[in-house]
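**Q** Okay, here's the prediction I keep looking at, along with the sequence it came from:
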Amino acid sequence: SQQGEEDPQALSIQEGENATMNCSYKTSINNLQWYRQNSGRGLVHLILIRSNEREKHSGRLRVTLDTSKKSSSLLITASRAADTASYFCATVPNAGNMLTFGGGTRLMVKP
Amino acid sequence: GAGVSQTPSNKVTEKGKYVELRCDPISGHTALYWYRQSLGQGPEFLIYFQGTGAADDSGLPNDRFFAVRPEGSVSTLKIQRTERGDSAVYLCASSLTRGTTLNGYTFGSGTRLTVV
């Protein structure tokens, strides 16, 4: 079973625009992570935000976490065609060790 | 090695056959995870090893699935009597310690299993 849901399931934007993806989850978490996947193969870790953090930045990425709403968002600013990929949020619960993934958002950035 | 290596990258097998999928984690990573990903969905947890032992195998769908990690490094996921529904990408990941680090998990490129 999957912990969370991503919204939207698919997103198409023009190069240079910002892309925002949302993630909701169900249980109490230790941390939440965002991953990127190209062509349905290996996932690449993008950023991790702990449950006591509200916002985190890494380059063009900005992640927010609202534990009261059990939700997170990933913002990619000034998108590029190379950002085209699927993006997944994943949570590590307080009681447990493994990542549980959402269904992902498929982002297409048009040049 | 520099990354997590999975072999083979693609495997086509006939229904009812036995398959083995191999994962070679990053050297020194004690935690190893197997996930399965169906088309258009997120990865689903199968099993987690801490060292040589399976710390959590609650994600294995049934007794046709089994995984080992005899020396605490390379792991093999074994599927008996394969069914068409087993077709998916099988992903392996490793991390330095139990749970996750600041850098998250490192995933391999996966093995795409097709059962015909």
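**A** Received the coordinates, thanks. Numbers count the residues shown, from 1 in each chain, chains lettered A, B, ... in the order given.

**Q** who in chain A is up against chain B?
**A** Within chain A, the residues that sit near chain B (CB under 8 Å from any CB of the partner chain) are A:1-2, A:30-31, A:33, A:35, A:40-45, A:48, A:88, A:90, A:92, A:96-104. No exception for glycine: its C-beta is placed from N, CA and C like everyone else's.

**Q** So among those, which ones count as buried?
**A** Buried members of the residues of chain A next to chain B, counted by 16 or more other CB atoms under 10 Å in any protein chain shown: A:2, A:30-31, A:33, A:35, A:41-43, A:45, A:48, A:88, A:90, A:92, A:96-104.

**Q** Tell me who's in contact with B:R112.
**A** By CB atoms under 8 Å, 6 or more residues apart in numbering or on different chains, B:R112 lies in contact with B:9-11, B:88-89.

**Q** So which of the residues of chain A next to chain B sit within strands?
**A** Among those, DSSP state E puts A:30-31, A:33, A:35, A:43-45, A:48, A:88, A:90, A:92, A:100-101 in strands.

**Q** Pull up the pairing partners for the host helix or strand of B:C92, direction included.
**A** For B:C92, the host element (DSSP states H and E) is strand B:88-95. Strand B:88-95 has these partner strands in its sheet, going by DSSP bridges: strand B:31-37 (antiparallel), strand B:106-107 (antiparallel), strand B:111-115 (antiparallel).

**Q** Mean neighbour count, these: which tops it?
**A** Greatest average neighbour count among the strands paired with strand B:88-95 goes to strand B:31-37 (a mean of 25), per mean count of other CB atoms under 10 Å in any protein chain shown.

**Q** Give the rounded mean pLDDT of that one.
**A** In this model, strand B:31-37 has an average pLDDT of 95.

**Q** mind listing what's buried in the host helix or strand of B:L21?
**A** If you go by DSSP H and E, B:L21 is part of strand B:19-24. Going by neighbour count (16+ other CB under 10 Å), the buried part of strand B:19-24 is B:19, B:21, B:23-24.

**Q** can you list those residues in JSON lines and add distance to chain A and pLDDT?
**A** Output for those, formatted as JSON lines (distance: CB to the nearest CB, whole Å; pLDDT from 0 to 100):
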{"residue": "B:V19", "distance to chain A": "18", "pLDDT": "98"}
{"residue": "B:L21", "distance to chain A": "14", "pLDDT": "98"}
{"residue": "B:C23", "distance to chain A": "12", "pLDDT": "98"}
{"residue": "B:D24", "distance to chain A": "14", "pLDDT": "98"}
